[in-house]
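K.L.:
Return a 3D structure for these sequence lines:
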Amino acid sequence: MAGLMKVACLVLACMIVAGPITSNAALTCGTVNSNVAPCIGYLTQGGPLPAACCRGVSTLNSMARTTPDRQQACRCLQSTAKAIGSALNAGRTAGLPKACRVNVPFPVSTSTNCNSVK
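P.N.:
Here you go, the predicted model:
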């Protein structure tokens, strides 16, 4: 498991450096990923939900108020999820907003069509 965490951290670091994918959104993948970074262990290994994770989810949700920003956040989350791969627990990922008591206006899933997020 320690190796998995190292890979997840490396992927996250690469995503932060990479910044935005391509969009006219003000929200960057670096910002998205830094806010969800405290969630990686919970989403891949389970255990207690870190308070820092929920703070990050809440912060990210409050930052993504426009349609372009929500779509960008969706794309960044999907890109990170795909990079982490099968180690990511889809059920915990989809349930994260509810677990953090944050109302996210789109389903958190790799199958979400980010272009349809409003």
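
K.L.:
Point out where the chain drops to low pLDDT.
P.N.:
By pLDDT under 70, the weakly predicted segments of the chain are 1-25.

K.L.:
any idea whether R101 is helix, strand or coil?
P.N.:
Following DSSP: H, G, I helix; E, B strand; the rest coil, R101 is assigned to coil.

K.L.:
Report the contact partners of the closest residue to it other than its chain neighbours.
P.N.:
Excluding the flanking residues, the one nearest R101 by C-beta to C-beta, 6 or more residues apart in numbering is C54, at 7.5 Å. To be clear about C-beta, it is placed using only N, CA and C from the backbone, and glycine gets the same treatment. Residues near C54 by C-beta atoms under 8 Å, 6 or more residues apart in numbering: 99-102.

K.L.:
Show me which parts of stretch 111-118 are buried, residue by residue.
P.N.:
112, 114, 117 (16 or more other C-beta atoms under 10 Å).

K.L.:
brain fart, stretch 88-107
P.N.:
88, 92-93, 96-97, 100, 102, 104, 106.

K.L.:
Understood, closing this out.
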